[in-house]
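Student: Fold the following.
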Amino acid sequence: MLKIVGVQRKTGEYQGNHYDNIMIHCLQDECNPPCIAGSITEFIKIKYAELGQVFGGAMKTDNDFRALIGMQLIPFYDKFGRVLRAEVVDYVEKGGK
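Tutor: Numbers count the residues shown, from 1 in each chain. As a prediction, this is how the structure comes out:
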């Protein structure tokens, strides 16, 4: 699973095509192979127009995105690497904290 640590919206044009994406920045809960130090990070890119489908209609305002910080994310991808659905669950630190 991935721990959500940041959410960013990026808009603009690339080669004449408009884009509007949500970037969800995460920490991986495991390093494989093991990390020498620290944590591994990654981001999940979701087209803004597909947020309703990906989150089942749950993300409507910036506050909804702010509430994601500290939660865990389980993304489900299609064969091209596009996020089709994302499941968000409460984050519990190891040791029950």
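
Student: So for this protein, the centremost residue is which one?
Tutor: residue 24 (3.4 Å; Cα atoms, centre = their mean).

Student: which one is that residue nearest to, not counting chain neighbours?
Tutor: Excluding its sequence neighbours, the residue lying closest to residue 24 (Cβ to Cβ, 6 or more residues apart in numbering) is residue 44, at 4.4 Å. Every residue, glycine included, has its C-beta placed from N, CA and C.

Student: And for residue 82, the neighbour number?
Tutor: Other residues near residue 82 number 12, with proximity taken as other Cβ atoms under 10 Å.

Student: May I have the residues that are in contact with it?
Tutor: Applying Cβ atoms under 8 Å, 6 or more residues apart in numbering to residue 82 gives no contacts.

Student: go again using 10 Å as the cut-off
Tutor: Neighbouring residues of residue 82 by Cβ atoms under 10 Å, 6 or more residues apart in numbering: 45-47, 50, 54.

Student: returning to that earlier point: give me the pLDDT for the residue nearest to residue 24.
Tutor: On the pLDDT scale, residue 44 is placed at 96.

Student: Buried residues of stretch 25-40, list them for me.
Tutor: 25-27 (16 or more other Cβ atoms under 10 Å).

Student: same thing with stretch 51-63?
Tutor: Buried, per 16+ other Cβ under 10 Å, within stretch 51-63: 51, 54-55, 59.

Student: picking up where we left off before, what subset of the contacts of residue 82 is buried?
Tutor: By 16+ other Cβ under 10 Å, these give 46, 54 as buried.
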